[in-house]
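Engineer: I would like the atomic coordinates for the input below:
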Amino acid sequence: MRDEDAVDALLGVRLAELRAQHGWSLDELAERSGVSRSTLSRAERAQTSPTAAVLNRLCHVYGRTMSQLLSEVEAAPVPVVRAAEQRVWEDRAAGFVRRSVSPPHTGLRGELVEGRLAPGADLGYDRPPVPGLEQHLWLLDGALEVTVGEQVHRLGAGDCLRMRVTGPARFRCTGPDPARYVLAVVRP
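Structural biologist: Numbering: from 1, shown residues only. Reported below is the predicted structural model:
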């Protein structure tokens, strides 16, 4: 089994647990999240890897950041995470790779994430996973267009964008090369 398949299997189990803890049917969760019942069912059974947009909607419903949700399928966080041990999650269809650089911990509000978008990748979220989430995006390589609400920010290598996410957000790689960035996420 590939590492990605193992993560998807563990993630599916965790998603099913969260739904059961809330006492929701698949239909109720579909209504609350705006994700189709069939997509939810396939994700819980690890028949498909959920997209970043689907995970974002589920995180919103469950009041978690994506890193928190992904960390729940791993062992308890340790103070030092070696590069080779940092969890990588990929949305192949969207051209998005996400590395959890620092493991989130329930007692901490901040975390670091590395994001990579393929040239032309366009990743949209219709809502934040946690309303009022503060993010600092430091673009390391490439060109990126970030839309927060109605405000469009065009970033080049070395630029840093600070934002508080309360509504829709969009990340689009506008250059001929991949965009690579560090995202500092701070929960309210």
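Engineer: all strands of this protein, in order?
Structural biologist: Counting by DSSP state E, the chain has these strands, from start to end: 88-91, 96-100, 110-117, 122-125, 133-141, 143-148, 151-156, 160-165, 169-173, 179-186.
Engineer: would you list those in CSV and tack on distance to residue 20?
Structural biologist: To be clear about C-beta, it is placed using only N, CA and C from the backbone, and glycine gets the same treatment. What follows is the strands of the chain, written out as CSV (distance: least, CB to CB, whole Å):
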stretch, distance to residue 20
strand 88-91, 23
strand 96-100, 25
strand 110-117, 26
strand 122-125, 26
strand 133-141, 26
strand 143-148, 34
strand 151-156, 39
strand 160-165, 29
strand 169-173, 30
strand 179-186, 27
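Engineer: columns mean pLDDT, distance to residue 13 and mean neighbour count on top of the ones you listed, output as a markdown table?
Structural biologist: What follows is those, written out as a markdown table (pLDDT from 0 to 100; distance: least, CB to CB, whole Å; neighbours: other CB atoms under 10 Å):
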| stretch | mean pLDDT | distance to residue 13 | mean neighbour count |
| --- | --- | --- | --- |
| strand 88-91 | 92 | 16 | 18 |
| strand 96-100 | 94 | 18 | 20 |
| strand 110-117 | 94 | 22 | 20 |
| strand 122-125 | 94 | 24 | 17 |
| strand 133-141 | 96 | 26 | 17 |
| strand 143-148 | 97 | 33 | 19 |
| strand 151-156 | 98 | 37 | 13 |
| strand 160-165 | 95 | 28 | 15 |
| strand 169-173 | 97 | 28 | 20 |
| strand 179-186 | 96 | 24 | 20 |
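Engineer: residue 60 is nearest to which of the ones you listed?
Structural biologist: Residue 60 lies closest to strand 122-125 among the strands of the chain, at 8.9 Å (CB to CB).
Engineer: cool, thanks, talk later.
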